[in-house]
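[1] Predicted model, plus sequence, below.
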Amino acid sequence: MSRLRSRGTFITFEGPDGAGKSTQVKMLAEALAEQRPLVLREPGGTELGERIREILLHQPEGMSAEAEMHLFMAARAELLRTRIEPALAAGRIVIDDRYQDSTLAYQGGGRGAPVEWPPTFPKPDLTVLLVLPPDVGLDRIRSGGKGLDRLDAEPLDFHRAVAAAYDRLAAAEPDRFLRLDARGAPEEIHAQVLGRVRSLLAQSEVRA
């Protein structure tokens with residue numbers, strides 16, 4: 001579970017749907033626009049990943065926990081090899097909306113699947129975890145008119161188990177995670193994220 005040896009910087013955003021991940025990803029990308037960050041979402045980002053995304057989030061039929069886990073990780077493996085790793089090797093900043101921590105939290109914590117972190121999946125330099133009570137996140141989705149996807153529609157106990165798994169992941173790697181209350185104003189959350197990112201980039205320049 002080593003970090004990818006490169007000159008690039010790998011930043012991921014995690015948390016429940018409704019926590020404002022996409023908003024924070026967009027704000028960070030705009031703040032770093034001069035550095036041309038590569039912005040991705042999971043599952044997706046490749047032709048294969050988008051096909052898998054449709055199956056995982058919108059297929060009405062159920063599937064086993066392990067099948068679900070392996071589909072997420074197959075999409076991620078393709079994204080890593082074709083987009084993330086080349087960008088990092090070229091010294092770029094990569095911002096990913098969800099990554100392997102999502103699978104650990106949702107399929108591991110929520111489903112109880114035996115999820116591990118593959119040694120070929122690099123660890124992010126920074127993972128921003130947006131924390132939000134599960135019921136608040138689901139209410140945000142409903143009020144926003146987005147509609148619930150297949151995972152959002154799971155019972156509240158499932159989402160509570162996911163939140164607890166995220167808490168355990170953040171506690172186990174406090175140096176990698178930046179844990180923020182998603183109930184704050186988006187601008188205030190962004191300021192904290194940007195401050196941490198700038199510090200990370202400055203450290204990378206010193207090491208280079």
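    Arrived safely. Residues are numbered from 1 along each chain as shown.

[2] From the chain's centroid, how far away is the longest helix along the chain?
    Counting by DSSP state H, the longest helix found in the chain is helix 186-207. In terms of C-alpha atoms, centre = their mean, to the nearest Å, the centre of helix 186-207 is set 17 Å apart from its chain centre.

[3] and for the helix or strand bottoming out on mean pLDDT in the chain, what are the contacting residues?
    Every helix and strand in the chain was compared by mean pLDDT, DSSP states H and E; the lowest is helix 134-143, with a mean of 90. Applying C-beta atoms under 8 Å, 6 or more residues apart in numbering, the external contacts of helix 134-143 come out as 16-19, 132, 147-148, 152, 156, 159-160, 162-163, 182-183. Placement of C-beta: from N, CA and C, glycine included.

[4] let's see 7 Å
    16-19, 148, 152, 156, 159-160, 163 (C-beta atoms under 7 Å, 6 or more residues apart in numbering).

[5] do stretch 37-47 as well
    With C-beta under 7 Å, 6+ apart, stretch 37-47 has contacts from 25, 29, 49-50, 52-53, 56, 72, 75-76, 78-79, 82-83, 87, 92-99, 102.

[6] of those, buried ones?
    In these, burial by neighbour count holds for 25, 29, 49, 52-53, 56, 72, 75-76, 78-79, 83, 87, 92-99, 102, counting by 16 or more other C-beta atoms under 10 Å.

[7] residue ranges with poor pLDDT in this protein?
    In the predicted model, the chain carries pLDDT under 70 at residues 1-6, 206-208.

[8] nearest residue to the spatially most central residue of it other than its sequence neighbours?
    In the chain, the residue lying closest to the centroid (C-alpha atoms, centre = their mean) is residue 98, at 1.7 Å. Distances taken as C-beta to C-beta, 6 or more residues apart in numbering place residue 42 nearest to residue 98, at 4.1 Å, with adjacent residues excluded.

[9] now the one you found: how far from residue 75?
    7 Å (C-beta to C-beta, to the nearest Å).

[10] Would you agree residue 17 is in contact with residue 154?
    No. With contact defined as C-beta atoms under 7 Å, residue 17 and residue 154 do not form a contacting pair (11.1 Å).

[11] For the chain, which segments count as helices?
    Using DSSP H, helices in the chain cover 21-31, 47-58, 65-79, 85-89, 100-103, 134-143, 156-172, 186-207.

[12] among those helices, which is nearest residue 113?
    helix 65-79 (4.1 Å; C-beta to C-beta).

[13] by contact count, what packs against the closest one?
    helix 47-58, helix 100-103 (3 or more C-beta pairs under 7 Å, 6 or more residues apart in numbering; DSSP states H and E).

[14] Please convert those helices to TSV, extending it with distance to residue 12.
    Below are the helices and strands packed on helix 65-79 laid out as TSV (distance: least, C-beta to C-beta, whole Å):
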stretch	distance to residue 12
helix 47-58	15
helix 100-103	7
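
[15] closest to residue 187 out of those helices?
    helix 100-103 (25.0 Å).

[16] that older thread, from the rest of the structure, what touches the longest helix of the chain?
    Here helix 186-207 has contacts from 9, 11, 20, 23-24, 27-28, 31, 125-126, 128, 178, 180, using C-beta under 7 Å, 6+ apart.

[17] ChimeraX command for the buried members of those?
    Buried subset of the contacts of helix 186-207, written as a ChimeraX selection, criterion 16+ other C-beta under 10 Å:
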select :9,11,20,24,27,28,31,125,126,128,178,180
